[in-house]
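**Q** Quick one: sequence and predicted model below, then my questions.
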Amino acid sequence: MMLNKRLAAGRFVADKLFAAERSVDITYRDLAELNAAIPTARLDANLSAMIGQDVFESSAEAMMLAARMRRLVVEAHARLKAASNEIGLREVSWGDEYKQPPLSAEADQPKRLDGPPPLRRAA
């Protein structure tokens, strides 16, 4: 009986988590499209580069905040997984096809295979 309650609670939280992850990805995608549309519109309208600089900066900052939000939701996912293990709920599935990667201290650090370092906010 107690296991059924834990399973039901786990499913309830998992459904909310997956909805939040999807929502964050949709937000990130939409901001990326906005960031692409702004310079395109400026070029199409043949406007000076001096027009709307604050818009470029605000939109780019929103994108950086969305990336941070996504990282925090992914971190919450990993912590929920650890909590589910603590209460005896084993992994049922992860995504559509893949096993969840192991949780480690290194997992908190973004991994870059190549390319420049991530952008940082200028003072």
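**A** Nice, I can see it.

**Q** Can you name the residues that contact the nearest residue to residue 88 once chain neighbours are set aside?
**A** Leaving aside its sequence neighbours, residue 88 sits nearest to residue 6 (CB to CB, 6 or more residues apart in numbering; 6.9 Å). Quick note: C-beta positions are derived from backbone N, CA and C, even for glycine. Residue 6 makes contact with 87, 88, 89, according to CB atoms under 8 Å, 6 or more residues apart in numbering.

**Q** What residues of stretch 67-80 count as buried?
**A** Of all the residues in stretch 67-80, those buried under the rule 16 or more other CB atoms under 10 Å are 67, 77, 78.

**Q** Sort out for me which of those are in helices.
**A** 67, 77, 78 (DSSP state H).

**Q** Just give me how far stretch 59-70 sits from the chain centre.
**A** 9 Å (CA atoms, centre = their mean, to the nearest Å).

**Q** now do stretch 25-32
**A** 10 Å.

**Q** now stretch 3-11
**A** That offset, for stretch 3-11, works out to 26 Å (CA atoms, centre = their mean).
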